[in-house]
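Trainee: no sequence on hand, only this structure:
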């Protein structure tokens, strides 16, 4: 028996994010998340994508990246694909509520450096649901093609928290309990406490960081903008975009042209605030007050 090909929808241009945020908010109370639910199989494709140089430069500046490079920043295709992901996740056939959905991790593979100029093809689709000890997690895949070849791809996971009665499989662990190579500590000496990664830089983050990143990326989620709008969703102050923390850490760390990256989001970064970037070898993390870990990650050659 052959499987039915996934439907493909080609878009003439990148959609605006605001309508999807509104639609997702309205539909969220109607959602009943569970790992066995169906999910949309549609693949959204932008077949003739051009990168806006002005928006790219604004993104590079707010993330501490060099401007005018002959290759896209390794995190930028995620920004390009995010409106398509939001279109899928705000739809009636997506089973998880958009309100409260938490970006828990991203894995990126860049097969080769890609110049910003020229035409690119972008594909985004939901790759399934999985049980999580705190609810249900959805995986969203983004692919960037140039000249017909996949030059960049990512897999993001998004968690909807809800009561669960079944334990997830051993490999569906909470990032906060991870013990793999992206853990925030070095190997534990026998009988000793874990050794944190050495601090490299301290960054003071302004209260308007979320607004500046939102203007550059297009992601103007209210939780990132002002204390008042963030409090409506349970945060005491605005929080930094998770993908800004990844981009800023990678700007400090550096990445090879062909690279594999894994990052896990551990805790929100409140704005304004001060964070410490720490790294050793291919591993990095972002820590806050009291050495609270906000982000852990790893960079390696692909």
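Mentor: Everything's here; your move. Quick caveat: nothing in here was measured; it's all calculated off a predicted structure.
Trainee: end to end on stretch 221-234, go ahead and measure it.
Mentor: Taking Cα to Cα, to the nearest Å, stretch 221-234 runs 14 Å from one end to the other.
Trainee: same question for stretch 195-209.
Mentor: Start-to-end span of stretch 195-209 (Cα to Cα) is 31 Å.
Trainee: mind listing what's buried along that stretch?
Mentor: 196-197, 203, 205, 209 (16 or more other Cβ atoms under 10 Å). The C-beta positions use only the backbone N, C-alpha and C, and glycine is treated the same way.
Trainee: relative to the whole chain's centre, how far out is stretch 27-46?
Mentor: The chain centre lies 18 Å from the centre of stretch 27-46; the measure is Cα atoms, centre = their mean, to the nearest Å.
Trainee: in it, what counts as buried?
Mentor: Residues 27-28, 31, 33, 35, 39-40, 42-46 are the ones in stretch 27-46 that count as buried (16+ other Cβ under 10 Å).
Trainee: show me the contacts for residue 155.
Mentor: 106-107, 127, 139-141 (Cβ atoms under 8 Å, 6 or more residues apart in numbering).
Trainee: now the phi/psi pair for it, please.
Mentor: The phi/psi pair for residue 155 (degrees, to the nearest 10) reads phi -140, psi 110.
Trainee: any idea how far the residue lying closest to it once chain neighbours are set aside is from residue 141?
Mentor: Among residues not flanking residue 155 along the chain, residue 107 sits closest, at 4.9 Å (Cβ to Cβ, 6 or more residues apart in numbering). Noted for residue 107: a distance of 10 Å to residue 141, by Cβ to Cβ, to the nearest Å.
Trainee: cool, and residue 225?
Mentor: Here the criterion is Cβ to Cβ. By it, residue 225 lies 28 Å from residue 141.
Trainee: can you get me a residue count around residue 123?
Mentor: Number of residues near residue 123 (other Cβ atoms under 10 Å) recorded here: 19.
Trainee: other SSEs contacting the host helix or strand of it?
Mentor: Per DSSP states H and E: residue 123 is located in strand 120-132. On a contact count with 3 or more Cβ pairs under 8 Å, 6 or more residues apart in numbering; DSSP states H and E, strand 120-132 meets strand 43-49, helix 76-89, strand 135-146.
Trainee: contact partners for residue 201?
Mentor: Residues near residue 201 by Cβ under 8 Å, 6+ apart: 252, 276-277.
Trainee: take the residues you listed and keep only those in helices.
Mentor: residue 252 (DSSP state H).
Trainee: which one of the contacts of residue 201 is nearest to residue 57?
Mentor: Comparing the contacts of residue 201 against residue 57 with Cβ to Cβ places residue 252 closest, at 19.2 Å.
Trainee: who are the contact partners of the closest one?
Mentor: 64, 200-201, 277, 279, 284.
Trainee: I'd like those laid out as a markdown table, including distance to residue 50.
Mentor: Formatted as a markdown table, the contacts of residue 252 follow (distance: Cβ to Cβ, whole Å):
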| residue | distance to residue 50 |
| --- | --- |
| 64 | 25 |
| 200 | 36 |
| 201 | 34 |
| 277 | 33 |
| 279 | 34 |
| 284 | 32 |
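Trainee: can you list these in JSON lines and add secondary structure, pLDDT and distance to residue 244?
Mentor: Below are those laid out as JSON lines (DSSP: H, G, I helix; E, B strand; the rest coil; pLDDT from 0 to 100; distance: Cβ to Cβ, whole Å):
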{"residue": "64", "secondary structure": "coil", "pLDDT": "97", "distance to residue 244": "10"}
{"residue": "200", "secondary structure": "strand", "pLDDT": "97", "distance to residue 244": "18"}
{"residue": "201", "secondary structure": "strand", "pLDDT": "97", "distance to residue 244": "15"}
{"residue": "277", "secondary structure": "strand", "pLDDT": "98", "distance to residue 244": "13"}
{"residue": "279", "secondary structure": "strand", "pLDDT": "98", "distance to residue 244": "17"}
{"residue": "284", "secondary structure": "strand", "pLDDT": "98", "distance to residue 244": "15"}
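Trainee: what's the closest of those residues to residue 219?
Mentor: The closest of the contacts of residue 252 to residue 219 turns out to be residue 64 (Cβ to Cβ; 17.6 Å).
Trainee: any idea how far residue 121 is from that closest one?
Mentor: For residue 64 relative to residue 121 (Cβ to Cβ), the value is 29 Å.
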